[in-house]
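Asks: Predicted model, plus sequence, below.
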Amino acid sequence: MPPRPFRLGRSRTGLGLFATRPIKKNIRIAEYKGKLLPLKEAEAAEARGNRYLYEVTKKWTIDGKDRGNIARYFNHSCNPNTESYNIGKRVFVRTIKPIEPGDELVYDYGSDYLNNVIGKSRCQCTRCRKRRAKRAKELREVRVRREARLAAKKKKARAAKRKTKKKA
Ligand SMILES: [Zn+2]
């Protein structure tokens, strides 16, 4: 195997994998390695809080918690640049876009994971952060406009009061 085209580094949510050179689209870059667990054992591991379980088929799950499994460091994104796929009971990760050095390598963990584990409103991927930032900006603008309207109204009211005082 050629040396990995990525390195482990600090990401927004802890650790993540970052490209160290350009990578073309459709290149296999890693294998998600670990012990294969039958359903019962996988459920028990999940109950113990193991967050590195990859369900390969309905019957088999890979326990990827071992630190030797570099693929456990791929973070989730709703706008991914890689994807996981299986060949039999093995799981690999390949690029789905051209990658630039420094890009974080991320794949979509799937809607079950997003809804049940991360929580849609807490997703820290770039797309979700941008979406929330845009929404916050819109809300801020609405508030600023409302406050400006209110201030103008008050000013008008004060001016009207002064006028009536002068007349009296
Ligand atoms: Zn997201």
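Replies: Thanks, I have the structure now.

Asks: Could you tell me how far the longest helix seen in the chain lies from the centre of the chain?
Replies: Ranked by residue count, the top helix of the chain under DSSP state H comes out as helix 126-167. On the basis of C-alpha atoms, centre = their mean, to the nearest Å, helix 126-167 sits 34 Å off its chain's mean C-alpha point.

Asks: pLDDT of it, averaged?
Replies: What helix 126-167 shows for mean pLDDT is 91.

Asks: quick one, what contacts the one residue sitting closest to the centre of the chain?
Replies: Centroid-nearest residue in the chain, with C-alpha atoms, centre = their mean: Cys125, separated by 2.7 Å. Residues near Cys125 by C-beta atoms under 8 Å, 6 or more residues apart in numbering: Asn75, His76, Ser77, Cys78, Asn79, Val106. Bear in mind the C-beta positions are built from the backbone N, C-alpha and C, glycine included.

Asks: If we use 6 Å, what do you get?
Replies: Contacts for Cys125 (C-beta atoms under 6 Å, 6 or more residues apart in numbering) come out as Ser77, Cys78.

Asks: The nearest residue to Ile23 once chain neighbours are set aside - how many residues pack around it?
Replies: Closest residue to Ile23 apart from its sequence neighbours, by C-beta to C-beta, 6 or more residues apart in numbering: Ile99 at 4.1 Å. Residues near Ile99, counting by other C-beta atoms under 10 Å, number 23.

Asks: in terms of contact, does Ile99 touch Lys24 like I think?
Replies: No - assessed by C-beta atoms under 6 Å, Ile99 is found out of contact with Lys24, at 7.9 Å.

Asks: how about the residues of the protein near the ion?
Replies: Residues of the chain found near the ion (C-beta under 5 Å from the ion) are Cys78, Cys123, Cys125, Cys128.

Asks: so who does the first one touch?
Replies: By C-beta under 6 Å, 6+ apart, Cys78 lies in contact with Cys125, Arg127, Cys128.

Asks: would you say Ser84 is within a helix?
Replies: No - using DSSP: H, G, I helix; E, B strand; the rest coil, the assignment for Ser84 is strand, not a helix.

Asks: burial of it, as a residue count?
Replies: 20.
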